[in-house]
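Q: Predicted model follows, preceded by the sequence.
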Amino acid sequence: MYLWSMNETQLPEAHIYHPEIRFVDIDAAGIVNNATYLNYFEQSRIQFFESIVGEKWDWNSAGMVIAKHEVNYCQPIFFQDDVTIVTWIERVGNKSMEAAYEIFKMAGEERVLVAFAKTVMVSFDHRKGVSIPWKAELLGPLELFGIGRPSNWASLE
């Protein structure tokens, strides 16, 4: 079991997302269904990018498609759990980038790692139906914000 006791307020707001655990997210075993995590990651990514490039970004002409998800589940999430997702961009290529996530829930006074994941995204012009290089209007703010796991919070190792 991984514990994380760092105060999340030490991270920029863009990194932090608190999903609402809805009753519809729960499966017959009483835990959040594993496929629902992908919805949580999507919402976390949307919040992350909107906080960096703004809500008026034209995702149709300079958007992205998902090429790959990789999720590692460590602990279940239950209906009443207090959950936090930390999101960052791990690497950026010419036409692809990798988002990374760590999901925590409260266990008493400590945060417990419940899952960690990565998503590979490809820059895509939805109007033309082709992959394109990342636009400078996205890369500039992203580079200013910072690429890589936030350095100001403790390692889980």
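A: Okay, I see it. Numbers count the residues shown, from 1 in each chain.

Q: centroid residue for the chain?
A: Closest to where the C-alpha atoms of the chain average out (C-alpha atoms, centre = their mean) is Thr87, at 3.8 Å.

Q: and it, what element?
A: Assigned by DSSP states H and E, Thr87 belongs to strand 83-92.

Q: ok, now Ser51?
A: Counting by DSSP H and E, Ser51 is part of helix 36-53.

Q: and if you look at Gln80?
A: With DSSP H and E as criterion, Gln80 is part of no helix or strand.

Q: The residue lying closest to it once chain neighbours are set aside: neighbouring residues, count only.
A: In space, and not counting its chain neighbours, Gln80 is closest to Ile21: 7.4 Å by C-beta to C-beta, 6 or more residues apart in numbering. For every residue, glycine as well, the C-beta is placed using N, CA and C. Counted with other C-beta atoms under 10 Å, the neighbours of Ile21 add up to 19.

Q: any idea how far Ile21 is from Ile66?
A: 23 Å (C-beta to C-beta, to the nearest Å).

Q: hmm, back to that, counting contacts, what elements does the strand holding Thr87 pack onto?
A: When contacts are defined as 3 or more C-beta pairs under 8 Å, 6 or more residues apart in numbering; DSSP states H and E, strand 83-92 sits against strand 16-17, helix 36-53, strand 96-107, strand 110-125, helix 136-145.

Q: Name the stretch from the ones you listed that approaches Asn60 most closely.
A: Evaluated over the helices and strands packed on strand 83-92, closeness to Asn60 peaks at strand 110-125, with 7.9 Å, by C-beta to C-beta.

Q: And the helix or strand just after the closest one, how far out from the chain middle?
A: Remark: after strand 110-125, the chain's next helix or strand is strand 130-131, criterion DSSP H and E. Going by C-alpha atoms, centre = their mean, to the nearest Å, the spacing between the C-alpha centre of strand 130-131 and its chain's C-alpha centre is 23 Å.

Q: No further questions, thank you.
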